[in-house]
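> Give me the fold of what follows.
(one chain, ligands or ions: 1)
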Amino acid sequence: MTIHRHYQYGATTGAITLTALAAICLYRDLYAPAAGLALGAAVLTEAAVRERRRHRRVLAEHEWARRRALGLNPAPLRPCCLLGQASGGTVHRQCTRVSVAALIHLAEDNTPTTKDSA
Ligand SMILES: [Zn+2]
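A predicted model of the protein is given here:
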């Protein structure tokens, strides 16, 4: 379980609590507090969804790294890395794309070739 899963559970619990309080306020004709509580519930719901997405990304990165450690060649994740996505593909960190240098193989006559040209 990642820290993101803990955050997701906390945000979900908060959203459920705020939704219940908003329903109670609506039942008692307290519309202004109900609107504030509903807004808070919406923010916490978005946070829970975001943390769930981060949790799944961490699990996918761990599985990708495990496969690489076993000598397999797993396909890169989409997006390849979070920094690459944020920078429009110009900067990468902890990237899951295999670099071009890693794709260079030596042909039988020891001339380097890329995987595509082989
Ligand atoms: Zn990347």
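
> Excluding sequence neighbours, find me the nearest residue to Gly14.
Nearest residue to Gly14, sequence neighbours excluded (Cβ to Cβ, 6 or more residues apart in numbering): Leu44, at 4.5 Å. Just so you know, the C-beta spots here come from the backbone N, C-alpha and C atoms, and that holds for glycine as well.

> Tell me the spacing between the one you found and the ion.
31 Å (Cβ to the ion, to the nearest Å).

> Distance from the host helix or strand of that residue to the middle of the chain?
Assigned by DSSP states H and E, Leu44 belongs to helix 31-69. In this view, helix 31-69 has its centroid 9 Å away from the chain centroid, taken as Cα atoms, centre = their mean, to the nearest Å.

> Beyond it, next helix or strand please.
On the C-terminal side of helix 31-69, the closest following helix or strand by DSSP H and E is helix 82-86.

> list the buried ones in that following helix?
By 16 or more other Cβ atoms under 10 Å, the buried positions in helix 82-86 come out as Leu82, Gly84.

> Would you mark the buried spots in the helix holding Leu44?
34, 37-38, 40-41, 44-45, 47-48, 51-52, 54-55, 57, 64.

> pLDDT averaged over that helix - what is it?
With pLDDT averaged residue by residue, helix 31-69 scores 96.

> touching the ion at all, stretch 59-74?
No: Stretch 59-74 is not in contact with the ion by Cβ under 5 Å from the ion; minimum separation 11.3 Å.

> what's next to that stretch, contact-wise?
For stretch 59-74, the external contacting residues (Cβ atoms under 8 Å, 6 or more residues apart in numbering) are Thr2, Pro76, Leu77, Gln94, Thr96, Val98.

> what pLDDT does Thr114 get?
For Thr114, the pLDDT comes out at 51.

> should've said Thr96
With respect to pLDDT, Thr96 scores 89.

> hang on, the earlier thing: kindly reformat the contacts of stretch 59-74 as JSON lines containing distance to the ion.
JSON lines is the format used below for the contacts of stretch 59-74 (distance: Cβ to the ion, whole Å):
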{"residue": "Thr2", "distance to the ion": "20"}
{"residue": "Pro76", "distance to the ion": "8"}
{"residue": "Leu77", "distance to the ion": "9"}
{"residue": "Gln94", "distance to the ion": "8"}
{"residue": "Thr96", "distance to the ion": "7"}
{"residue": "Val98", "distance to the ion": "11"}
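
> That'll do, ta.
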